[in-house]
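>>> sequence first, predicted model second:
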Amino acid sequence: MAPEPALLGIFPDLDDLLTALRKVKEKNGRILTVFSPIHFSGIQEILGHKTSGVRYLTLIGGILGGTSLVGLAVYAHLSFQLVTGGKPVLPPIPFVVPFFEGTILLAVIFTVLFWILKGRLPRVRLPAAYDPRFSEDRFGILLACPPGQRALLEGVLRDAGAEEVRDVSS
Amino acid sequence: MFFSVLVLAGLIAFLWGVTGPAALRAWQAYLINFVYWTGLSFGAVLFVAVLNMTNAVWGRPLKRLAESLGTFLPASFLLFWVLYFGKEEIFPWVRDPHPEKQFWLNPGFLFARDGLSLFLLSALSLALIYYSVKGDKQALTLSPGPSGDVSSPEPREEFYWKAQRVLSPLIGILYALVLSLLGFDLIMALDPHWYSTLFGAYYFMGSFYIALAALYFLSFLGRKAFGLREIIHPHHLHDLGKLVFAFCIFTGYLFYVQFLVIWYGNLPEETRYVILRVKLTPWEPVAWAVLALIFGIPFLVLLRRRIKTAPLPMMILSGVILAGMWGERFLLIAPSIWEGKGIPLGFLEVLITAGFGGIMGLGIILFLGRAPLLPLSDPLFQKAIEPHEEKERP
């Protein structure tokens, strides 16, 4: 597939980036991607993206982690049947601790794993539009640039405060 | 008027109680309400102090409402001394002295140290509120623009702001020390043989939880009753809801860490206190109800994001937490004092509680009627009320 012509706008300020995103949406421009050195859910809301499904996998991981670690503790206790300090063989009160730890552990592991998978990481080749400054202190918008609309889109980006606008192939 | 009636009803009920056959119940209810409302009031001032210490922007619009809860403190200081007249009813170690603890547990020393501590913390807390309001009043007279924009504070306002910045960390430190002392002396020592080194922290963190729940309730009410809708935005309520959620978990955690250690150690002098409250009649159902009200229900409800900005459900939930924490204070105190059958909970307790609530309500109404509703001289306030794109649509 031939690379699609695109326009990259680089912004020093988050507020300018948000303004540009809103204006591009008003002009029915197609936003291919947004680069940001920080997470900011306002970007997601302007783009109209739904909340990520990773949270369901976090929940599944948490439930699996908590129950499996308590399951392991129950199995170990029943295997040895040691009564210590007059406590029951299966004491629910201290089992809260492995349940909590297991919940957090697998919830985090599931989240990180699915975050990596969903982000298709690691990437051997960086996207053509990527600029190392996007990992430092700059924000970027990559727009699809149909023939004849370049001047209009560049104007929108510049007006919003873009310090640099350049052509790239997506 | 309404709150005055509550105060009067509480006063009459208390006087009738202490002079009649239900003296023990009246004093017990008095002590429960004293530790509950005093903790709430100090916790609310701590909220303001924490905002100042951390340079937090988000909670500035809630500052005046939190300060209004601190107006109970002068009354609290006076109400503390009333306990002296009921010392023989309240403190079992007065009737049955413990020679080995005589140095610490004697009425003279207890009232001297607790009175002095209360005085110090109350004075600092009221000074914080005074400087905050004073600066705002000056801002209002100097630059009463419709937007309330105070871009260049006058030198006096800067002084008031600096005074708040100096007082806040002192209040933070003293809050932990003084409320720990009150927790040890007025609650834990009611059972002189039992001790938990974490009890002080449990009391002052629980008090902060009560204050947050009260502030949450007042914020929703303030949006409607005081026209603060333009100032207290949904994202402020969302953030406050998250804080209530955090302290719900933290309070539950502080209970559990004490409970787990006592359960493991299995020492009779420690387990006795817990078994009486969670296993024996008549306290067992109260213990389960308290657990549900202060931990179970808030935890499950506050997991949801959207509900944190819904007025009615959150006002009900705040009420549930406030009632639950009152029940928790009741459960900490009553089983150590009460020796009769059944749970000592009836009209007398309700009326005395209403009396204390009336004093708090009067303080809030009088304070908010006289002080500017917005902390205009606070340099971080303007930033806090800027529209918040991210959270306006939760």
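Thanks, I have the structure now.
>>> going forward, measure contacts and count neighbours with C-alpha atoms only.
Noted.
>>> may I have the phi/psi pair for the residue in chain A that chain B sits nearest to?
For chain A and chain B, the shortest gap (C-alpha to the nearest C-alpha) falls at residue A:42, measuring 4.5 Å. Backbone torsions for residue A:42, taken as degrees, to the nearest 10, come to phi -60, psi -30.
>>> for residue A:32, same thing?
Torsion angles, degrees, to the nearest 10, at residue A:32: phi -80, psi -40.
>>> so what's it up against?
Residue A:32 sits next to A:141, A:142, A:143, A:144 when contact means C-alpha atoms under 8 Å, 6 or more residues apart in numbering or on different chains.
>>> circling back to that earlier point, could you measure from the residue of chain A closest to chain B over to residue B:33?
45 Å (C-alpha to C-alpha, to the nearest Å).
>>> pLDDT score for residue 71?
Just so you know, I chose chain A. Residue A:71 is assigned 96 on the pLDDT scale.
>>> if you could check chain B rather than the one you did, that'd help
pLDDT, residue B:71: 95.
>>> how about the one 5 residues further on?
Per-residue confidence for residue B:76 comes out at a pLDDT of 96.
>>> go on, residue B:345?
On the pLDDT scale, residue B:345 is placed at 91.
>>> same question, residue B:25
94.
>>> and for residue B:148?
pLDDT recorded at residue B:148 is 47.
>>> how about residue B:9, secondary structure?
Using DSSP: H, G, I helix; E, B strand; the rest coil, the three-state assignment for residue B:9 comes out as helix.
>>> my read: it touches residue B:355, true?
Yes: contact criterion C-alpha atoms under 8 Å: residue B:9 and residue B:355 qualify, at 6.3 Å.
>>> do a quick rundown of the helices in the stretch 101-250 of chain B.
Using DSSP state H, counting those that start in this stretch, the helices of the stretch 101-250 of chain B run over residues B:107-142, B:155-182, B:199-225, B:234-265.
>>> could you count how many residues lie near the residue nearest to residue B:373 when sequence neighbours are not counted?
Nearest residue to residue B:373 in three dimensions, chain neighbours excluded: residue B:64, at 6.1 Å (C-alpha to C-alpha, 6 or more residues apart in numbering or on different chains). Neighbour count for residue B:64, taken as other C-alpha atoms under 10 Å in any protein chain shown: 21.
>>> so what pLDDT did residue B:64 get?
On pLDDT, residue B:64 comes in at 94.
>>> check residue B:57 too.
Per-residue pLDDT puts residue B:57 at 89.
>>> for it, phi and psi?
Per-residue torsions, residue B:57: phi -90, psi -40 (degrees, to the nearest 10).
>>> do residue A:11 as well
Backbone torsions of residue A:11, given as degrees, to the nearest 10, read phi -120, psi 140.
>>> likewise for residue A:144?
Dihedral pair for residue A:144: phi -70, psi 140, per degrees, to the nearest 10.
>>> quick check: bridge partners of it?
residue A:6 (DSSP bridges).
>>> now stretch B:17-27: buried residues?
B:17, B:18, B:23, B:24, B:25, B:26, B:27 (16 or more other C-alpha atoms under 10 Å in any protein chain shown).
>>> quick one: contacts for the closest residue to residue B:175 other than its chain neighbours?
Spatially, and ignoring its direct neighbours in sequence, residue B:175 is nearest to residue B:121 (6.9 Å; C-alpha to C-alpha, 6+ apart). When contacts are counted by C-alpha under 8 Å, 6+ apart, residue B:121 touches B:171, B:174, B:175, B:178.
>>> after the helix or strand that contains residue B:272, which helix or strand is next?
Per DSSP states H and E: residue B:272 is located in helix B:268-278. Following helix B:268-278 in sequence order, the next helix or strand is helix B:284-291 (DSSP H and E).
>>> buried ones in that following helix?
Residues B:284, B:286, B:287, B:290, B:291 are the ones in helix B:284-291 that count as buried (16+ other C-alpha under 10 Å).
>>> so how many other residues sit close to residue B:206?
When neighbours are counted by other C-alpha under 10 Å, residue B:206 registers 27.
>>> how would you label residue B:343: helix, strand or coil?
Per three-state DSSP, residue B:343 ends up coil.
>>> what's the local residue count around the residue lying closest to residue B:210 once chain neighbours are set aside?
Spatial nearest neighbour of residue B:210, excluding adjacent residues (C-alpha to C-alpha, 6+ apart): residue B:40 at 5.6 Å. Neighbour count of residue B:40, defined by other C-alpha under 10 Å: 29.
>>> I am finished for the moment; much appreciated.
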